[in-house]
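J.: What would the 3D arrangement of this be:
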Amino acid sequence: MELDIHFYKKKINNALKVFQENAKLFPNDANSWDSLGEAFL
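T.: Numbering: from 1, shown residues only. Model prediction:
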């Protein structure tokens, strides 16, 4: 069970990095920021 939690935390952290980079690359795109915000929920 602990391995599963570690796996999902890593996946979430990787997704957050991707959304953060996307928001940096496309700062005027509302969807980039919306996706980043959704990822934090």
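J.: Distance from stretch 9-21 to the middle of the chain?
T.: Centroid separation between stretch 9-21 and its chain, computed with Cα atoms, centre = their mean, to the nearest Å, is 4 Å.
J.: no, scratch that, I was asking about stretch 10-22
T.: Taking mean C-alpha positions (Cα atoms, centre = their mean), stretch 10-22 and its chain are 3 Å apart.
J.: Which positions in that stretch come out as buried?
T.: Burial within stretch 10-22, assessed by neighbour count using 16 or more other Cβ atoms under 10 Å, is assigned to Phe19, Asn22. In this view, the C-beta of every residue, glycine as well, is placed from N, C-alpha and C.
J.: Also stretch 26-41?
T.: In stretch 26-41, counting by 16+ other Cβ under 10 Å, buried: Ser32, Leu36.
J.: Can you list the neighbours in contact with stretch 20-34?
T.: Contacts with stretch 20-34, where a contact means Cβ atoms under 8 Å, 6 or more residues apart in numbering, come from Phe19, Ser35, Leu36.
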